[in-house]
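Undergrad: Structure for the following, please:
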Amino acid sequence: QVQLVESGGGLVQPGGSLRLSCAASGFTFSSYVMNWYRQAPGKEREMVARITSAAGGSTDYADSVKGRFTISRDNAKNTVYLQMNILKPEDTAVYYCNARRQRLTGTIVNYWGQGTQVTVSS
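TA: Numbers count the residues shown, from 1 in each chain. Have a look, this model is predicted:
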């Protein structure tokens, strides 16, 4: 059974930090690109950060979080992290972990976590 379980969300003041974790099970974690998405009330879900499957994988970030957020992965622990620094009220959203892989047939496989709430407020 595939599971992606996020943790680490909560309430933080502007300028503060949080570290999100996503523990994966039920699939070959090291073969998947891992992504963090977020969705704020009334807005579409947007990609925040991405890390490729290779050890020391390359990363990509949304412009709004570059220089503040860092994505990393530990393939030995089947876990992906999102370190969020200098948080702003506009970072308030539900954050979702996503695992994606394209099979040789071209089929895209997507797995999603249940989400964790991040609220940035004074």
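Undergrad: residue with max distance from the center of this structure?
TA: residue 105 (26.2 Å; Cα atoms, centre = their mean).
Undergrad: And that residue, its phi and psi?
TA: When read as degrees, to the nearest 10, the backbone of residue 105 gives phi -80, psi -10.
Undergrad: Spatially central residue in the protein, please.
TA: Centre-nearest of the chain using Cα atoms, centre = their mean is residue 36, 2.3 Å out.
Undergrad: Please report how far that residue lies from residue 115.
TA: Per Cβ to Cβ, to the nearest Å, residue 36 is found 11 Å from residue 115. The way it works is simple: take the backbone N, C-alpha and C, and place the C-beta from them, glycine included.
Undergrad: Which SSE is immediately downstream of the top strand by length along the chain?
TA: Longest strand in the chain, counting residues (DSSP state E): strand 93-102. Downstream of strand 93-102, the first helix or strand assigned by DSSP states H and E is strand 108-112.
Undergrad: where's residue 107 relative to residue 100, distance?
TA: 11 Å.
Undergrad: out of those two, which sits in the more crowded spot?
TA: Shown here are residue 107 and residue 100; by other Cβ atoms under 10 Å, residue 100 has more neighbours (15 against 8).
Undergrad: give me every residue that touches that one.
TA: Residues in contact with residue 100, defined by Cβ atoms under 8 Å, 6 or more residues apart in numbering, are 32-35, 108-111.
Undergrad: Which residue comes closest to residue 45 once chain neighbours are left out?
TA: residue 39 (4.2 Å; Cβ to Cβ, 6 or more residues apart in numbering).
Undergrad: swap that for residue 1, sorry
TA: With Cβ to Cβ, 6+ apart, the residue lying closest to residue 1 is residue 26, at 5.0 Å.
Undergrad: who touches both of residue 36 and residue 115?
TA: Joint contacts of residue 36 and residue 115 (Cβ under 8 Å, 6+ apart) are 95-96.
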